[in-house]
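Peer 1: Structure for the following, please:
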Amino acid sequence: MTSFSTCDLCDAHAERLAAGTLAALPPVFVAFGQRLSFSGPAFTLKVFEDNALVRTTLEGTGEGRVLVIDGGGSVRNALVGGNLAVLAEKNGWAGIVVFGAVRDVAELNQCDTGIRALALHPQRSARKGIGDLNVRVSIAGVPVTPGDWIYADADGVLVSREAL
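Peer 2: Down below sits the predicted model:
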């Protein structure tokens with residue numbers, strides 16, 4: 001993975017920010033995991049308080065992609081926990097962005113995976129398998145289309161229509 005700074009990317013691509021082909025997610029995300037910065041093409045999920053599709057997705061090969069989960073911003077239960085973070089690391093996912101909550105913070109922070117989420121919540125989610133795979137989602141008001149590039153570091157999370 002190439003080293004980058006989201007600040008430098010914003011500075012170097014101000015025209016993309018103005019055109020809307022590059023956007024910064026609002027600063028509402030908390031960082032977890034050992035990988036402080038990560039990037040890759042987005043694979044998206046739209047679920048609500050149900051993480052069965054999250055597990056199924058992370059069981060597959062990540063190939064350096066970033067799993068972007070639109071959990072509707074709900075923090076009433078966790079969509080990702082320690083076991084799923086281990087799957088992400090084992091299967092080659094560059095990172096996970098959760099518009100929702102996560103749990104098992106000690107386990108998350110042991111994994112060589114980057115994770116961004118709104119909050120922690122100790123309760124697990126439902127496991128009904130309801131949701132949509134690889135569809136356009138909205139993360140804190142920012143649209144993310146499958147294949148968009150995600151760049152995350154200590155300064156924030158960017159969404160770009162193409163690799164920068």
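Peer 1: tell me the mean pLDDT over stretch 93-101?
Peer 2: Averaged over stretch 93-101, pLDDT sits at 98.
Peer 1: Can you list the low-confidence ranges for the protein?
Peer 2: Within the chain, the ranges that satisfy pLDDT under 70 run 1-2.
Peer 1: for residue 57, what are its contacts?
Peer 2: By CB atoms under 8 Å, 6 or more residues apart in numbering, the residues touching residue 57 are 43, 45, 67, 133. C-beta coordinates here come from the backbone N, C-alpha and C atoms, glycine included.
Peer 1: and it, what helix or strand is that in?
Peer 2: Assigned by DSSP states H and E, residue 57 falls within helix 52-59.
Peer 1: tilt between the next helix-or-strand element following that helix and helix 52-59?
Peer 2: Sequence order places strand 66-70 as the next helix or strand after helix 52-59, per DSSP H and E. Relative orientation of strand 66-70 versus helix 52-59 (axes from the mean of the first three to the mean of the last three CA atoms, to 10 degrees): 180 degrees.
Peer 1: Against which helices or strands is strand 66-70 packed?
Peer 2: Counting contacts by 3 or more CB pairs under 8 Å, 6 or more residues apart in numbering; DSSP states H and E, strand 66-70 packs against strand 38-46, helix 52-59, strand 95-102, strand 137-139, strand 149-153.
Peer 1: tilt between the helix holding residue 57 and strand 38-46?
Peer 2: Using the same axes, to 10 degrees: helix 52-59 against strand 38-46 is 150 degrees.
Peer 1: before we move on, back to that, now, which of the contacts of residue 57 sits nearest residue 74?
Peer 2: Among the contacts of residue 57, residue 45 lies closest to residue 74 (CB to CB), at 13.6 Å.
Peer 1: Of the contacts of residue 57, which is the most crowded?
Peer 2: residue 67 (26 neighbours; other CB atoms under 10 Å).
Peer 1: related to what we said a few turns ago, biggest separation within the contacts of residue 57, which pair?
Peer 2: That would be 67 and 133, which, of these, are the farthest apart (CB to CB) at 10.7 Å.
Peer 1: Mutual contacts of the two, please.
Peer 2: Common neighbours of residue 67 and residue 133 (criterion: CB under 8 Å, 6+ apart): 44, 45, 57.
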